[in-house]
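J.: need the 3D shape of this:
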Amino acid sequence: MPGRRILLIIPDTRFRALALAQLQEAGYEMVAVPRLHHALALLRSGASFELVAVDLFGVREREGDLHDLRRQAGCPILVMVGAAELPRCQALGFTEVLARPFTVGQLVARAAGLLAQDQEGGSRREPARE
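T.: This next block holds a predicted model:
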């Protein structure tokens, strides 16, 4: 359902701008940041979202920050990765994964699907880990 709030974490400036524009065009309320620590600061300040989409392609974030994201998000997390990051992503317990190659249209469709699942009460929220 458009109008829902998504946090987009994408380091690559061009890809972030393109994904942001497409998701806004689809009717979503967007907040986009380039790094995980920016997203964590938003979440710690009390910002809430209905979906977090994070691009880990070629990014070497600290695993502690990724665990913090899972704990603090309070919503489904969609992780975008390259094939090389799939095992790391699975080991960290992320269940919603969009592996490259994919189009921005596929990202929008996957986000819409996760939000629809969440609205119906059937989402697979990322479990909190202490």
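
J.: hmm, Pro11 is touching Asp55, no?
T.: Yes: using Cβ atoms under 8 Å, Pro11 is in contact with Asp55, at 6.6 Å. The way it works is simple: take the backbone N, C-alpha and C, and place the C-beta from them, glycine included.

J.: so what's the residue count around Leu114?
T.: Using other Cβ atoms under 10 Å, Leu114 is surrounded by 22 other residues.

J.: more crowded one of Pro11 and Asp55?
T.: Higher neighbour count among Pro11 and Asp55: Asp55, with 25 against 17, using other Cβ under 10 Å.

J.: and that one, its phi and psi?
T.: phi -100, psi 120 (degrees, to the nearest 10).

J.: got the CA positions of the helix or strand hosting His38 in PDB?
T.: Using DSSP states H and E, His38 falls within helix 36-44. The C-alpha coordinates for helix 36-44 follow below in PDB (Å, rounded to 0.1, in the frame of the first residue of the first chain):
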ATOM      1  CA  LEU A  36      24.400   2.100   8.100                       C
ATOM      2  CA  HIS A  37      25.600   4.300  10.900                       C
ATOM      3  CA  HIS A  38      23.300   7.100   9.600                       C
ATOM      4  CA  ALA A  39      20.400   4.700   9.700                       C
ATOM      5  CA  LEU A  40      21.200   3.500  13.200                       C
ATOM      6  CA  ALA A  41      21.300   7.100  14.400                       C
ATOM      7  CA  LEU A  42      17.800   7.700  12.900                       C
ATOM      8  CA  LEU A  43      16.500   4.500  14.600                       C
ATOM      9  CA  ARG A  44      18.000   5.400  17.900                       C
END
